[in-house]
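Colleague: Predicted model, plus sequence, below.
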Amino acid sequence: MSSRVAVLGAGNVGSALAQRLAEGNIADVVLLDVIAGRPQGLALDLTQSRLIQGHDRQILGTTDYNDIHHVDVVVITAGFPRKQGMSRDDLLKLNGNLIQDITRQAVAVAPDAVYVVVTNPLDVMTHVAWQVSGLPPQKVMGMAGVLDAARFAAFIALELNISVKDIRAMVLGGHGDLMVPLPRYSSVSGIPITELLPAATIDRLIQRTRHGGAEIVNLLQTGSAFYTPAAAAALMVEAILSNQARLLPVCAYVEQAYNLRGMYVGVPARIDRQGVAQIVELSLTESELQALHASAYAVQGVIAATQSLLN
Ligand SMILES: NC(=O)C1=CN([C@@H]2O[C@H](COP(=O)(O)OP(=O)(O)OC[C@H]3O[C@@H](n4cnc5c(N)ncnc54)[C@H](O)[C@@H]3O)[C@@H](O)[C@H]2O)C=CC1
Ligand SMILES: O=C([O-])CC(=O)C(=O)O
């Protein structure tokens, strides 16, 4: 039977993700939104391009959770994006209760799915979704590291004037200004970028990566990035469905690693059909570990403050 993926939220990220999943022949898609007509219209539009795009994927638009019954993966993209001048954490109040409500409704009909959260503030929303889902933490992960690492790789490629195909990048930590791009674990055909670029240039690329989302928010003025976020979420869905044990940076529940205990944060993880199969613990220098802890504890602080805001 064909794999089925529910995309909750048919906004910019959700609709671009639905297009990638269908046109990439990755899965059939159920696109769900609260705005009646929007997911149905987008699904019909995507269906009409099947001849041109050369696929037979089913794309269903709906406002009814019964339609996501027993999907394999649920991606949560519903919620408000930030506008210029806002931090991702400013979305907490707007998106916190919404994520709880959506997760409860989804888990009731798709209890066996793997859940991928995209809504911001990402690490906190992933924690909240897991908390209300009642699912084992391996089944609930967040999308951030794949996007942040793709941005770091793009900036390295532009700086070196080298094809991005030969670049691998690693970013740990929360999806915020304290995220931790790791130059020692970022390379061009196996050569660490610390061998190819001066420290000051690497620092500039790190800062640009940390503010990669805000740079686009400031340019768009009406919302936030969606093409690369959708591509990153599609890659994670494909990794889950293909069961190929891909190693990706994702927001995962760290039981005990990196001297962290029981919290969601961005780490490299082996992803398979069951979700997060294993967290990979890199050997970090003292300053890299400190930076990861600063990022993780900032997320922890927001999670603690969030509990009183939620239903
Ligand atoms: N994790 C990451 O790296 C990224 C996260 N994001 C986040 O993803 C979220 C979505 O961003 P966009 O698609 O650009 O926003 P958007 O405003 O284009 O779309 C959001 C959609 O969610 C729908 N929605 C709202 N409440 C809903 C509910 N209760 N049930 C179902 N649908 C509901 C809205 O009707 C709208 O269609 C934002 O929170 C944004 O900050 C965006 C890019 C990257
Ligand atoms: O910047 C935002 O608010 C959206 C996002 O998370 C990103 O593009 O990294």
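Modeller: Good, I have the coordinates. Ligands and ions are numbered 1, 2, ... in the order given.

Colleague: Please count neighbours and contacts with C-alpha atoms only from this point.
Modeller: Fine.

Colleague: what are the ranges of the helices in the chain?
Modeller: 12-23, 38-48, 50-53, 92-109, 122-133, 145-160, 199-210, 212-220, 227-242, 286-306 (DSSP state H).

Colleague: Nearest to ligand 2, out of those helices?
Modeller: Taking CA to the nearest ligand atom, helix 212-220 is the member of the helices of the chain nearest to ligand 2, at 3.3 Å.

Colleague: Report the distance from the closest one to the chain centre.
Modeller: 17 Å (CA atoms, centre = their mean, to the nearest Å).

Colleague: For that helix, which outside residues touch it?
Modeller: Residues outside helix 212-220 that contact it (CA atoms under 8 Å, 6 or more residues apart in numbering): 82, 83, 84, 148, 151, 223, 224, 225.

Colleague: got a list of what the residue most central in space within the chain touches?
Modeller: For the chain, the residue sitting closest to the mean C-alpha position, by CA atoms, centre = their mean, is residue 143 at 1.4 Å. Counting by CA under 8 Å, 6+ apart, residue 143 touches 116, 117, 118, 122, 232, 233, 236, 250, 251.

Colleague: Residues of the stretch 51-200 of the chain that sit close to ligand 2?
Modeller: Residues of the stretch 51-200 of the chain lying near ligand 2 by CA under 6 Å from any ligand atom: 81, 82, 88.

Colleague: Are any of these buried, and if so which?
Modeller: 81, 82, 88 (16 or more other CA atoms under 10 Å).

Colleague: can you tell me which residues contact the closest residue to the last one other than its chain neighbours?
Modeller: By the measure of CA to CA, 6 or more residues apart in numbering, the closest residue to residue 88 outside its immediate chain neighbours is residue 121, 5.0 Å from it. If you count contacts by CA under 8 Å, 6+ apart, residue 121 has them with 88, 89, 90, 91, 92, 175.

Colleague: what pLDDT does residue 121 get?
Modeller: On pLDDT, residue 121 comes in at 98.

Colleague: Can you tell me how far it is from residue 82?
Modeller: Residue 121 is 10 Å from residue 82, where distance means CA to CA, to the nearest Å.

Colleague: where do the contact lists of those two overlap?
Modeller: 88, 90, 91.

Colleague: Looks like the last one contacts residue 82 (just checking).
Modeller: Yes. At 6.7 Å, residue 91 counts as touching residue 82 under the criterion of CA atoms under 8 Å.

Colleague: near ligand 1, which residues of the stretch 151-300 of the chain?
Modeller: Within reach of ligand 1 by CA under 6 Å from any ligand atom, the stretch 151-300 of the chain has these residues: 223, 224, 225, 226, 229.

Colleague: Only the buried members of those residues: can you turn that into a ChimeraX selection?
Modeller: A single ChimeraX command selects the buried members of these (16+ other CA under 10 Å):
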select :223,224,225,226,229
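
Colleague: Can you add distance to ligand 2 and give the residues of the stretch 151-300 of the chain next to ligand 1 back as TSV?
Modeller: Shown next, in TSV, are these (distance: CA to the nearest ligand atom, whole Å):
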residue	distance to ligand 2
223	8
224	5
225	5
226	7
229	7
